[in-house]
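> let me see the structure of the following:
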Amino acid sequence: MFNRRTARGWLAAYAVVSVLDVLAVWLDVPALAAFLKPLLMPVLLAFFAASLDGLRHRLVNWVTAALLFS
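A predicted model of the protein is given here:
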């Protein structure tokens, strides 16, 4: 489903969302910060899933659950 190019794309997206979120907080733009904060974990989860490359392990399930509930 995912490949390494996709994983790099999700990592870049996470970096952009993270930097924008920090800037929104630093520049005191609460509407933008409120929009970006909920995007952090789903984008990180997408990067994690793309990086697995078919790996099946019990730890993968725990990390996935942790990212979903965070």
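> residues in contact with the residue positioned nearest the centre of the chain?
The chain has Leu44 as the residue nearest its centroid, 1.7 Å off, counting by C-alpha atoms, centre = their mean. For Leu44, the contact set (C-beta atoms under 8 Å, 6 or more residues apart in numbering) comprises 14, 67. All C-beta spots, glycine's among them, are computed from the backbone N, C-alpha and C.
> what are the boundaries of the helices in this protein?
Per DSSP state H, the chain carries helices over the ranges 4-26, 30-52, 58-69.
> in the shortest one, what counts as buried?
I take that to be helix 58-69. Neighbour counts over helix 58-69 (16 or more other C-beta atoms under 10 Å) mark Leu67 as buried.
> and it, what does it pack onto?
helix 30-52 (3 or more C-beta pairs under 8 Å, 6 or more residues apart in numbering; DSSP states H and E).
> now the helix it packs on - C-alpha only, PDB.
Extracted C-alpha coordinates of helix 30-52, given in PDB (Å, rounded to 0.1, in the frame of the first residue of the first chain):
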ATOM      1  CA  PRO A  30      -5.100  30.500  17.900                       C
ATOM      2  CA  ALA A  31      -7.400  29.700  15.000                       C
ATOM      3  CA  LEU A  32      -4.500  28.300  13.000                       C
ATOM      4  CA  ALA A  33      -3.100  26.500  16.000                       C
ATOM      5  CA  ALA A  34      -6.500  24.900  16.700                       C
ATOM      6  CA  PHE A  35      -6.700  23.700  13.100                       C
ATOM      7  CA  LEU A  36      -3.100  22.300  12.900                       C
ATOM      8  CA  LYS A  37      -2.900  20.600  16.300                       C
ATOM      9  CA  PRO A  38      -5.400  17.800  15.500                       C
ATOM     10  CA  LEU A  39      -3.500  17.100  12.200                       C
ATOM     11  CA  LEU A  40      -0.200  16.200  13.900                       C
ATOM     12  CA  MET A  41      -1.000  12.700  15.100                       C
ATOM     13  CA  PRO A  42      -2.900  11.500  12.000                       C
ATOM     14  CA  VAL A  43       0.000  12.600   9.800                       C
ATOM     15  CA  LEU A  44       2.500  11.000  12.100                       C
ATOM     16  CA  LEU A  45       0.400   7.800  12.000                       C
ATOM     17  CA  ALA A  46       0.400   7.900   8.200                       C
ATOM     18  CA  PHE A  47       4.200   8.300   8.300                       C
ATOM     19  CA  PHE A  48       4.600   5.300  10.700                       C
ATOM     20  CA  ALA A  49       2.300   3.100   8.600                       C
ATOM     21  CA  ALA A  50       4.200   4.100   5.400                       C
ATOM     22  CA  SER A  51       7.500   3.300   7.100                       C
ATOM     23  CA  LEU A  52       6.500  -0.200   8.200                       C
END
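> that'll do, ta.
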